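Trainee: Build me a structure from this.
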Amino acid sequence: MRQIMIAAAIATTAVAVASVATGAPATQRDSIRAAVEAPTRTPDRIARDRYRHPVETLNFFGVGADDTVVEIWPGGGWYTEILAPYLSEQGQLWVTAPGDRGFSGIHSLQETHPETYGSLQTAIFPAGEGDARVPDGSADVVLTFRNVHNWRMGYQRDGADYSPEAFAQMFAMLRPGGMLGVVDHRLPEDADAAREESSGYIKVSTVRALAEGAGFEYVGASEVNANPADSADWERGVWTLPPTLAKGDADRQRYLAIGESDRMTLKFRKPD
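Mentor: Modelled structure (predicted):
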C-alpha cells in the first residue's frame, strides 16, 4: 500500500509540474489536443500543424473550453476547424469577416458538418454603422492569426492603415480581464519600418504599440511559432514562402525546406 501511495504521489507531482511548465492545467491541453485531432478537420490543414503548433499556441493563450471566443478573420477556417469542436459543448465561438463574402469558407464548413459548426455566430469586423458586430464586453478571448499586417497594409481599405481602429474594436468586445492572442509574421526590429507597408511582415514593437495604445496590457510572448530559417527579406514578401509560394516552381524546394514564416505569438489582457 505504501508503494502504491508513493507512486500516486509521484504521478500527481508529475502532472502538477507538467501543468506549471505548459502554463495551463493538463486537462485544458488534452482537450485542445483532442480538438486538433477531430475527425472533421481536413487533411491539407492537418499537414500544416507542424508549422502552426495549434496545441501549444491555444494553450499559451489560455483558451478554455467554456470560453466565449472571437476569431478575427478566419479565412478558410484553419483555426475554426479546431476551435469549433473544442468549444462546441461548453463554450461559444464567434467568427468575424470584413464583409459577407468573407464567410464563404465558414459557410462551407457549416454545410459539411452542421453538428460541429451550426452554432457559430458571425459578425462584421471592423464593424461600421449598422453592421452586425460582436457585442461589447461579451468575449473571454479574442484571437487573430496573421491579420495585423493586413490592417497595417490597408487591405480592404484602399491601402489606408486602420490597425488602430481594429485594436480598439477588439478591446471593446472583450470583457474586463479578457485576453487577446496575436500571431503574425515577424519583421526584425532593425528592418526598415516601411517594409510593414508591403511585405506582409510586421514588427513586434508595432503590434505592442497598437495593442497598448488601445488600452491592452502586455502579458507575454511565446517562441512556439518562431522559424529562425526565415530571413523575412524576400522580394515577394512573406508570400514567397509556403503556403502561397508566390514564385511558383522557381526555387520551390528551397522555400519548402524553409517552411512557413517566422511568427510572433503575443498575449495581451484587457484590464479589469
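Trainee: Buried residues of the longest strand seen in the chain, list them for me.
Mentor: Ranked by residue count and defined by DSSP state E, the top strand of the chain is strand 174-185. Buried residues in strand 174-185, counted by 16 or more other C-beta atoms under 10 Å: Leu174, Gly178, Met179, Leu180, Gly181, Val182, Val183, Asp184, His185. Backbone N, C-alpha and C define where each C-beta goes, glycine included.
Trainee: how near is Ala172 to Ala139?
Mentor: Distance, Ala172 to Ala139, by C-beta to C-beta, to the nearest Å: 10 Å.
Trainee: Specify which residue of the two has the higher count of neighbours.
Mentor: For Ala172 versus Ala139, neighbours defined as other C-beta atoms under 10 Å are more numerous around Ala139 (24 against 18).
Trainee: Write down the beta-bridge partners of that one, one by one.
Mentor: Listed by DSSP bridges, the beta-bridge partners for Ala139 are Leu174.
Trainee: Pretty sure Thr68 is one of the things it touches, is it not?
Mentor: Yes. At 5.2 Å, Ala139 counts as touching Thr68 under the criterion of C-beta atoms under 8 Å.
Trainee: Mutual contacts of these two, please.
Mentor: Residues touching both Ala139 and Thr68 by C-beta atoms under 8 Å, 6 or more residues apart in numbering: Trp94.
Trainee: Retrieve the pLDDT associated with Ala9.
Mentor: Ala9 carries a pLDDT value of 37.
Trainee: Pro176 too?
Mentor: pLDDT at Pro176 comes out at 98.
Trainee: do the same with the one 10 residues further on
Mentor: Reading off the confidence values, Arg186 has pLDDT 98.
Trainee: Over to Ser19?
Mentor: pLDDT at Ser19 comes out at 41.
Trainee: And the one 10 residues further on, by the same measure?
Mentor: pLDDT recorded at Arg29 is 95.
Trainee: Not including adjacent chain positions, what is the nearest residue to it?
Mentor: Leaving aside its sequence neighbours, Arg29 sits nearest to Asn59 (C-beta to C-beta, 6 or more residues apart in numbering; 5.0 Å).
Trainee: what ranges do the helices span in the stretch 101-250 of the chain?
Mentor: For the stretch 101-250 of the chain, the helices defined by DSSP state H, counting those that start in this stretch occupy 104-112, 114-117, 148-153, 163-173, 204-213.
Trainee: Could you single out the most deeply buried of those?
Mentor: helix 148-153 (a mean of 23; mean count of other C-beta atoms under 10 Å).
Trainee: what helices or strands is it leaning on?
Mentor: helix 163-173, strand 174-185, helix 204-213 (3 or more C-beta pairs under 8 Å, 6 or more residues apart in numbering; DSSP states H and E).
Trainee: Residues contacting it, please?
Mentor: Contacts for helix 148-153 (C-beta under 8 Å, 6+ apart): 73, 156, 159, 161-163, 165-166, 182, 184-185, 196-198, 200-202, 206-207, 210, 238.
Trainee: returning to that earlier point: CA atoms only for the longest strand of the chain - export them in PDB, please.
Mentor: Extracted in PDB, the C-alpha atoms of strand 174-185 (Å, rounded to 0.1, in the frame of the first residue of the first chain):
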ATOM      1  CA  LEU A 174     -13.600  41.700 -24.600                       C
ATOM      2  CA  ARG A 175     -14.900  41.600 -21.000                       C
ATOM      3  CA  PRO A 176     -12.600  43.100 -18.400                       C
ATOM      4  CA  GLY A 177      -9.800  40.700 -17.700                       C
ATOM      5  CA  GLY A 178     -10.300  39.100 -21.100                       C
ATOM      6  CA  MET A 179      -7.300  38.000 -23.300                       C
ATOM      7  CA  LEU A 180      -6.200  38.900 -26.800                       C
ATOM      8  CA  GLY A 181      -3.900  36.500 -28.600                       C
ATOM      9  CA  VAL A 182      -2.000  37.600 -31.700                       C
ATOM     10  CA  VAL A 183       0.000  35.600 -34.200                       C
ATOM     11  CA  ASP A 184       1.700  37.300 -37.100                       C
ATOM     12  CA  HIS A 185       4.600  37.300 -39.500                       C
END
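Trainee: Great, nothing more from me.
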